[in-house]
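Participant: sequence first, then the predicted structure, then my questions.
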Amino acid sequence: MEARRANDAVDPPILPPEPSSDSLRIAIIGNPNAGKTTLFNALTGMRGRTANFPGTTIEKHAGPLRLGQRTIELLDLPGLYSIHAATPEERLARRALLGEIVGERRPDAVLLLLDATMLERNLFLASEVAELGLPIVVALNMTDLAERAGIHIDAKRLAADLGCPVVPVAARLMRGMDELRAALARVIELPGSAAAATPKPPCGCAGCPFEARFDWAEDVGTRCTSGRPMTHGRQTERVDRVLTHPVGGVIAFAAVMFTVFAMIFWVAQYPMGWIEQGFAIAGATVGRLLGPGDLRSLVTNGLIGGVGGVLVFLPQICILFFFLSLLEDTGYLSRAAFVMDRLMRRVGLPGRAFLPMLSAHACAIPAIMSARVIADRRERLLTILVLPLLSCSARIPVYAMIAALLFAGHPVRASLAFTGAYALGIFAALGMAFVFRTTILRGEVKPLVLELPSYKLPSLRNALLLTWDRGLVFVRNAGTMILLVSLILWVLASYPTSAPSVGAAALAERAVDLARDGQVHAAAELEMRSKSLEAQHRLAHSMAGRLGRAIEPVLRPLGFDWQIGVGVISSFAAREVIVSTLAIVYGSGDVQSADPLTITERLAAARRSDGTPVFTPATCLSLLVFYVLAMQCLPTQIVTRRETGSWRWPVFQFAYMSVLAYVGAWIAFQTARGLGLG
């Protein structure tokens, strides 16, 4: 408490809002788990943009809010319990409210979100916000849950105590949104200075001590609230006995994730099939229109085959984020964090690392950036080193491709492979954290303090909006970087040209002879073999083929041939690029027909020079383990360099993950061959 008072003493003076010709800006602030993002989505329709605050790695969300005939900017600030707290997010929210961030002007008003089920605790923040000199509108959220729990809040009396408008809302149900917009419109249109619309400090003085704030919050909460106090309830406690149990909680978490992955394969198989067939037919149609030549190969194999090979997995990525959004809305993911904290602390990871680790399942880059919430440098560095081992969304196309090769038409088995891949990444991260904590990064681990939100029904609208947003990000990625890499790979796989294959020419001549003898079917089959052999010959003598053959001796113990080696090299730019690479490499000899092959059919039909399948179960398992454990992401390395301030740690990160991936893939391949799966 003394430390907080000291921080208050050195805070810069509060400056009035500077006049600006830009559109008005309203900032949403509130406690974590109060429903800020849900309210933001309800007011803007998630038509906002996501970016970092200038000079930081902390994200902000901004979007247009329509108030009558004018549109203003709505800014969603990080959640905070107190303006004077110590975390980077809370300090940043304070600086944003005071207009102290370079390149960011101060908000013109504040939309303060209070949780109706936890009013007294939320009022402490309200007492601090009231001193900032900004117009305030209070949104009293989760009133539906409060009513269900027997809690009744007198909004008029609360408004009188706070000195500002109070609007009861239920953002999840879109209830009270019109009234809230009207209140915001009235506040920003008030004549005179901002101070005229600003509530006075609750205790009557700007230097209100913390004890007085707590007493005031408790007094107002008691005076304005009737009914029984909010508790988790017996039913919630019974559920939590299972979901937060040291053993039962882990089992429940594994069961939940297995169910999600099973739904991913069961639901996604239909749109994936449509997308695959659509791109295959498009490639065949365009190929017939263009005629033989490099242009047809560029369009069908480089553009359509490369990008289509990745976009086919868009349904699975969307379904994953949809279910994760539903789980987060229910309050379950906080329980998962609580359960995993016990395991994390045993291996030496700080409890605060759970949130970066959870976000790493979307992308390691923002996860590494968010590791700044860990104050201790040693713990932060430890977290950064192991975050890329967790399966990000870029790995989903690779996992899905391999699972389809292993268990085509068996979604339950495919979901088991998916779950196993995610579990391997998690345990590899925990295992390497234990190794680093006991060797190069020794130190004590601080316990995690975590709030468990109440259970509630998830918002289907928010889940769909988030899914749409994540899907657009993936499509933009496929339309830019993957398209560029696909074009480069096509050039590498097509040039320099080589002399025709003697074996392919002999097969072509034999096919002509069979056609003259009336053996049309045999001639067509021999012609297809001739074209496939010629395509393999051209690829083998191209730049990509030469590079692949150069590294083939190193990759052969893993069950990889030189063509897979080309994919491994190309995917250093981004993991999912291997899918488009294999689509190009193994699609270069496709014969355009009315019944074109999908990418999984191409890979399943791929043969080595001796006629054996390329993608045997052993090779598939080896490839799966390799991509679970390998770095294969240059942008992540750049961010690691920026966050650690040295190239030593990203080089070390790349080296240990490469060795781990190679050894793991070798063990998987040799074990599978020993079991007769080779």
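Facilitator: Yes, it's here.

Participant: counting neighbours, what do you get for residue 551?
Facilitator: Residue 551 is flanked by 15 other residues according to other Cβ atoms under 10 Å. All C-beta atoms are positioned from the backbone trio N, CA, C, and that covers glycine.

Participant: host element of residue 424?
Facilitator: Assigned by DSSP states H and E, residue 424 belongs to helix 411-437.

Participant: helices or strands up against that helix?
Facilitator: helix 248-290, helix 332-347, helix 377-386, helix 396-406, helix 617-629, helix 648-674 (3 or more Cβ pairs under 8 Å, 6 or more residues apart in numbering; DSSP states H and E).

Participant: list the contacts of whichever helix or strand comes after that helix.
Facilitator: Downstream of helix 411-437, the next assigned helix or strand under DSSP H and E is helix 460-477. The contact list for helix 460-477 (Cβ atoms under 8 Å, 6 or more residues apart in numbering) reads 37-38, 41-42, 45-46, 172, 174, 311, 314, 317-319, 321-322, 325-326, 329, 362, 393, 574.

Participant: just stretch 644-663 next, same as before
Facilitator: Residues contacting stretch 644-663 (Cβ under 8 Å, 6+ apart): 381, 384-385, 388-389, 428, 432, 558, 625-631, 637-638, 640-641.

Participant: from those residues, keep the buried residues only.
Facilitator: For the contacts of stretch 644-663, a burial check counting by 16 or more other Cβ atoms under 10 Å picks out 381, 384-385, 388-389, 428, 432, 558, 625-631, 637, 640-641.

Participant: filter the contacts of helix 460-477 to the buried ones?
Facilitator: Counted by 16+ other Cβ under 10 Å, these give 37-38, 41-42, 46, 172, 311, 314, 317-319, 321-322, 325-326, 329, 362, 393, 574 as buried.

Participant: in strands, which of these fall?
Facilitator: Here DSSP state E is the test, and these give no hits in strands at all.

Participant: inside helices: which ones of those?
Facilitator: 37-38, 41-42, 311, 314, 317-319, 321-322, 325-326, 329 (DSSP state H).

Participant: and the residues you listed as JSON lines, adding pLDDT and distance to residue 25?
Facilitator: As requested, those are exported to JSON lines (pLDDT from 0 to 100; distance: Cβ to Cβ, whole Å):
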{"residue": "37", "pLDDT": "80", "distance to residue 25": "18"}
{"residue": "38", "pLDDT": "83", "distance to residue 25": "20"}
{"residue": "41", "pLDDT": "83", "distance to residue 25": "18"}
{"residue": "42", "pLDDT": "85", "distance to residue 25": "18"}
{"residue": "311", "pLDDT": "76", "distance to residue 25": "37"}
{"residue": "314", "pLDDT": "79", "distance to residue 25": "35"}
{"residue": "317", "pLDDT": "73", "distance to residue 25": "33"}
{"residue": "318", "pLDDT": "81", "distance to residue 25": "32"}
{"residue": "319", "pLDDT": "81", "distance to residue 25": "36"}
{"residue": "321", "pLDDT": "76", "distance to residue 25": "29"}
{"residue": "322", "pLDDT": "84", "distance to residue 25": "31"}
{"residue": "325", "pLDDT": "79", "distance to residue 25": "27"}
{"residue": "326", "pLDDT": "83", "distance to residue 25": "31"}
{"residue": "329", "pLDDT": "78", "distance to residue 25": "27"}
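
Participant: possible to save those residues as JSON lines with distance to residue 663?
Facilitator: Formatted as JSON lines, those follow (distance: Cβ to Cβ, whole Å):
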{"residue": "37", "distance to residue 663": "42"}
{"residue": "38", "distance to residue 663": "45"}
{"residue": "41", "distance to residue 663": "45"}
{"residue": "42", "distance to residue 663": "50"}
{"residue": "311", "distance to residue 663": "33"}
{"residue": "314", "distance to residue 663": "33"}
{"residue": "317", "distance to residue 663": "29"}
{"residue": "318", "distance to residue 663": "34"}
{"residue": "319", "distance to residue 663": "33"}
{"residue": "321", "distance to residue 663": "32"}
{"residue": "322", "distance to residue 663": "36"}
{"residue": "325", "distance to residue 663": "36"}
{"residue": "326", "distance to residue 663": "38"}
{"residue": "329", "distance to residue 663": "40"}
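
Participant: quick one: closest of the helices and strands packed on helix 411-437 to residue 76.
Facilitator: Residue 76 lies closest, by Cβ to Cβ, to one member of the helices and strands packed on helix 411-437: helix 332-347, at 19.1 Å.

Participant: pLDDT of that closest one, averaged?
Facilitator: Per-region confidence: helix 332-347 scores 76 on mean pLDDT.

Participant: from the contact counts, what lies against that helix?
Facilitator: helix 233-243, helix 248-290, helix 354-359, helix 411-437.

Participant: 6 Å - rerun?
Facilitator: Under the contact criterion of 3 or more Cβ pairs under 6 Å, 6 or more residues apart in numbering; DSSP states H and E, helix 332-347 touches helix 248-290, helix 411-437.

Participant: what comes up buried for the shortest one?
Facilitator: Within helix 411-437, the residues that count as buried by 16+ other Cβ under 10 Å are 411, 414-422, 424-426, 428-430, 432-433, 436-437.

Participant: let me know the outermost residue of this structure.
Facilitator: Computed with Cα atoms, centre = their mean, the residue of the chain farthest from its C-alpha average is residue 517, at 60.1 Å.

Participant: state the distance from that one to residue 391.
Facilitator: Noted for residue 517: a distance of 55 Å to residue 391, by Cβ to Cβ, to the nearest Å.

Participant: adding distance to residue 461, write the helices and strands packed on helix 411-437 out as CSV.
Facilitator: Converted to CSV, those look like this (distance: least, Cβ to Cβ, whole Å):
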stretch, distance to residue 461
helix 248-290, 19
helix 332-347, 19
helix 377-386, 33
helix 396-406, 24
helix 617-629, 34
helix 648-674, 39
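
Participant: only the buried residues of the lengthiest strand in the chain, if you could.
Facilitator: Counting residues, the longest strand found in the chain (DSSP E) is strand 59-67. Within strand 59-67, the residues scored as buried using 16+ other Cβ under 10 Å are 60-63, 65, 67.

Participant: now do stretch 502-515
Facilitator: 504, 507-508, 510-511, 514.

Participant: which of the residues you listed fall within helices?
Facilitator: 504, 507-508, 510-511, 514.

Participant: for those, which one is nearest residue 147?
Facilitator: Nearest to residue 147 among those, with distances taken as Cβ to Cβ, is residue 504, at 76.3 Å.

Participant: so what's the closest one closest to, chain neighbours aside?
Facilitator: With Cβ to Cβ, 6 or more residues apart in numbering as the criterion, residue 504 has its nearest non-adjacent residue at 3.8 Å, and that residue is residue 534.

Participant: for the strand or helix carrying that neighbour, enumerate the helices and strands it packs against.
Facilitator: Per DSSP H and E: residue 534 is located in helix 520-540. If contacts are counted by 3+ Cβ pairs under 6 Å, 6+ apart, helix 520-540 sits against helix 502-516.
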